[in-house]
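Novice: Coordinates only, no sequence provided:
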C-alpha cells in the first residue's frame, strides 16, 4: 500500500475511526487502525469489538495511489502525528508488511503495524428495513437524554439507551433510576416490526460526537444483537445490551397537583446559585417552598453558610408545598431544554418532579425528590 | 460593617486576595478573607501565613457605606457566589459579628464569619530602601525562569527562585538541578546593600498572576526573612526560604565547541514531533546528530515506532556530535524565548546544552544531556 493524501482529508477519516478504540482493549491488534486501500478508495476502521467505526475516503479525494493493500497501523498518537506534520501533503507507504512510513520531504514517522491476519473479521451488513432520521434530530435526541444514563455497572442495562419503535413512533429513554429523560419523535415512515433494544451508552456518546447538526439522513439498521448507523461515508456499528429494559411509562402520571410555569433562565440561575453551597456534598440538596405566586429556594452547608432566594412564579394552586432534590440533577435536566419557559409538575413531596418545556412536547424529564427531615 | 458596592469592583479585589489562601491551611481562620472597612476604604486580606495578599478599594469606589468594621469571612466559593449574583450592585452586612449577609433585592447568601480576634496580626511594613521594577519586566522574569523551579520537596531551596542584587544588576535563577534558567537585568538605580535571597515558588507564581503586563512600577522591599511587593493598590508579602542557594555561575563556560544557529519555530516543531513518540516515557529522550550543516532529530518507542527529521542548520563546526536530552525540558526552555532565532551551545555529549536567544542577552537557559548507550 502506497499513497499520497492531503492532511485534512486523512485526519477527518482517522478522527472518526479512532473514536471506536478503547483504553480497555485486551486484544493488541485492536490498538490498530485498519487501512484498506482499494480501487474505490481508502477505508479506515477502528474497533474495540463492541463498537466499530468505518470511514471511507473515495479515490477521487486521494492525491496519488501507487499500490493497493491492507495494513493495521499502531494508532497511539497517530492523530497528533498527522496534525503536526510540517506539510499539507503526506505520503503513506507500508514497508515489508511490518511498518508504515508516514512522511513528508523533511520528516518521517515509522509506525509499527500488526499482522493483518490477526484483525477480526467485522461484518457491517445492512438490513432490508431501516429507519431514517435527520442527523440533527438524532443529535438532539442523544443530547437531551444521554445525561441521564447510569455510569454504574451494577445495573448494566441502565448504562444504555432504550430505543423503541412502534409504528411511526420512536421513543428513546435514559434513566439511572434517580432521574429519567424520555424523547418521543415521529418517524417519516412507519416501521413494520416494532423495535425495543438497548444501545450501550458509550456508543450513543460516540455517535453524538461524529454526527453534525445537519440535514443529512442517517440510516439506522437494527439486528437482533447489533445496530448499524450510516451517516455520509461513515458506518458506526454497535453491539446491543441484552436483557429487558425496565418499563417506565407507569412512572408518568396523567395529572399533577402542582403545575408551575417558570422562566427557564431565572430558575436555572437561582438553582445554580443555591447549588454553590452544596457542591462538595454527596447529595447536593436544594429545597424549594412553593406557595401562591412565590417560590423560595434555599440550601446550606453548616460549615459555610446558607442561601435563600425568591422567584415569582405562575402556579395553579395556592397551597404550600416543600420539596427537596439534587441541584445537580435539576441543572442537568434544565440544561437540555431549548425553550424560554418550562413547566414544573409536582404531585407531592415524595413523588417524582417532572420538568417539561412549555412548547416542546417531545421531551419529558423527571427527577426523584430527596426526603429531608 | 455594612456597605454597598459594584460587583466588578469587589470581585477584582477578592480575586487577588483569595490567591493567598491555600488548601493546606491548618489554622481554620485562615480559610477566611479579612474584610476591614475604614474611612479610607475597604481592605481585603488573604493569607496562608507564608504568603499574604492585601488589596485596597478606596472609599470613592464604594457606592455606599453605612458602618465601618472588620469581619473574617468564610471564603469558600465566595468568588463564584459574587460572580453569580443576579444584580451588579451588592449589599454586604455583618450580622451579630457572626455572619455576613451578601445580598441583592431577590437573593441572599448568609456566610459564616470567624472570630476576628483569632486572625493573626500580619505586619506589612515597607523598608527604607527598595528596588523598583516595571510590572511587565517582573512578569517576564518570572515567566522565563519559573518553569525550571523544582517541584520536589527533597531540596526545598530549589523550589524557590534565587533573587540576587549586586549594585544595579538583578539576577534571577531557577533550577531543579536538571535544568536552569537565569535572567539578568539592569536596575534603574544601584542598591547600596547586595541581596541574595530565595523566594518560594508558590509566591513567585501568584505574583505573576496578579501583576499585569503593564508599565506600572512595582516596589520590592526586602527584609531578612520576608519580601514585600507593592503593585498599584495590592500588597503581596512572602516569607523567604532559608539556606544558601547553590552557586551556579561556574556551570556556565566562556567558550563552546559547537555554536548552532537555528530558527526557533523550526527547531521547536521538530522536537515537538519527535516528542510525541516518547510522551508516555519517564525520560522523554530525543537524540540530535549534528554534522556540518545538518541536524538529524530522532526518537522512538519500541512498541509504537520511531521518527526521524532533518533540519538545515548554521553551525561553526563540521565535526559530528550526537547528544540526547529530554524533549520536555527542551520544549519548556524554547517556549519562553521571544525571538525568531536561537543559539544552541554545546561542548560535548555529557556537558550541559545551553540555549540562548540570538538577540536577547538577558536570558540563559541550560539543560543537562541524558547519556544513552
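Specialist: Great, that's in hand. As the structure is a prediction and not an experimental result, all values here were calculated from the model.
Novice: where does the stretch 251-373 of chain A have low pLDDT?
Specialist: Per-residue confidence for the stretch 251-373 of chain A (pLDDT under 70) gives these ranges: A:280-282, A:373.
Novice: Can you name the residues of it that neighbour chain B?
Specialist: Within the stretch 251-373 of chain A, the positions near chain B by CB under 8 Å from any CB of the partner chain are A:269-270, A:272-273, A:276-277, A:279, A:303-311. (C-beta placed from N, C-alpha, C; glycine too.)
Novice: Regarding stretch A:276-284, how distant is the last residue from the first?
Specialist: 9 Å (CA to CA, to the nearest Å).
Novice: rewinding a little: inside strands: which ones of the residues of the stretch 251-373 of chain A next to chain B?
Specialist: Among these, the members found in strands (DSSP state E) are A:305, A:306, A:307, A:308, A:309, A:310, A:311.
Novice: Quickly check the residues of the stretch 251-373 of chain A next to chain B for the two that are furthest apart.
Specialist: Spanning the widest gap among these are A:303 and A:311, at 26.8 Å by CB to CB.
Novice: The two: who's more crowded?
Specialist: residue A:311 (21 against 12; other CB atoms under 10 Å in any protein chain shown).
Novice: Specify the beta-bridge partners of that one.
Specialist: Note on residue A:311: beta-bridge partners residue A:295, judged by DSSP bridges.
Novice: Now do the same contact list for it.
Specialist: A:262, A:266, A:267, A:270, A:294, A:295, A:297, B:106 (CB atoms under 8 Å, 6 or more residues apart in numbering or on different chains).
Novice: Please check these and keep the buried ones.
Specialist: Among the contacts of residue A:311, those scoring as buried are A:262, A:266, A:267, A:270, A:295, A:297 (criterion: 16 or more other CB atoms under 10 Å in any protein chain shown).
Novice: just checking, the fourth one touches residue A:297?
Specialist: Yep, that's residue A:270 we're talking about. Yes - counting by CB atoms under 8 Å, residue A:270 does reach residue A:297; the two are 5.1 Å apart.
Novice: what do these two both touch?
Specialist: Taking CB under 8 Å, 6+ apart as the criterion, residue A:270 and residue A:297 both touch A:309, A:311.
Novice: contacting residues for residue A:245?
Specialist: Contacts of residue A:245 by CB under 8 Å, 6+ apart are A:157, A:160, A:162, A:173, A:196, A:198.
Novice: ok, it to chain B distance?
Specialist: Using CB to the nearest CB, to the nearest Å, one gets 38 Å for the distance from residue A:245 to chain B.
Novice: so where do the helices sit in the stretch 1-150 of chain A?
Specialist: A:7-18, A:78-83, A:135-145 (DSSP state H, counting those that start in this stretch).
Novice: Show me what from the stretch 51-200 of chain A comes close to chain B.
Specialist: So the stretch 51-200 of chain A meets chain B at A:74, A:76-77, A:80-81, A:84-86, A:99, A:106-112 (CB under 8 Å from any CB).
Novice: what stretches of the stretch 101-250 of chain A score poorly on pLDDT?
Specialist: For the stretch 101-250 of chain A (pLDDT under 70), the answer is none.
Novice: so where do the helices sit in the stretch 251-373 of chain A?
Specialist: Using DSSP H, counting those that start in this stretch, helices in the stretch 251-373 of chain A cover A:264-276, A:327-335.
Novice: Switch those helices over to a markdown table; also include distance to residue A:139.
Specialist: Below are the helices of the stretch 251-373 of chain A laid out as a markdown table (distance: least, CB to CB, whole Å):
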| stretch | distance to residue A:139 |
| --- | --- |
| helix A:264-276 | 21 |
| helix A:327-335 | 15 |
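Novice: quick revisit: can you tell me which of the contacts of residue A:311 is closest to residue B:19?
Specialist: For these, the residue nearest residue B:19 by CB to CB is residue A:270; the value is 29.2 Å.
Novice: which SSE is the residue sitting nearest the centre point of chain A in?
Specialist: Against the mean C-alpha coordinate of chain A, by CA atoms, centre = their mean, the closest residue is residue A:205 at 2.6 Å. Using DSSP states H and E, residue A:205 falls within helix A:201-210.
Novice: That helix packs against which elements?
Specialist: strand A:51-58, helix A:135-145, strand A:160-166, strand A:226-231, strand A:234-239 (3 or more CB pairs under 8 Å, 6 or more residues apart in numbering or on different chains; DSSP states H and E).
Novice: Select, out of these, the one closest to residue A:331.
Specialist: helix A:135-145 (14.4 Å).
Novice: wait, residue A:102 sits on residue A:90?
Specialist: Yes - contact criterion CB under 8 Å: residue A:102 and residue A:90 qualify, at 6.3 Å.
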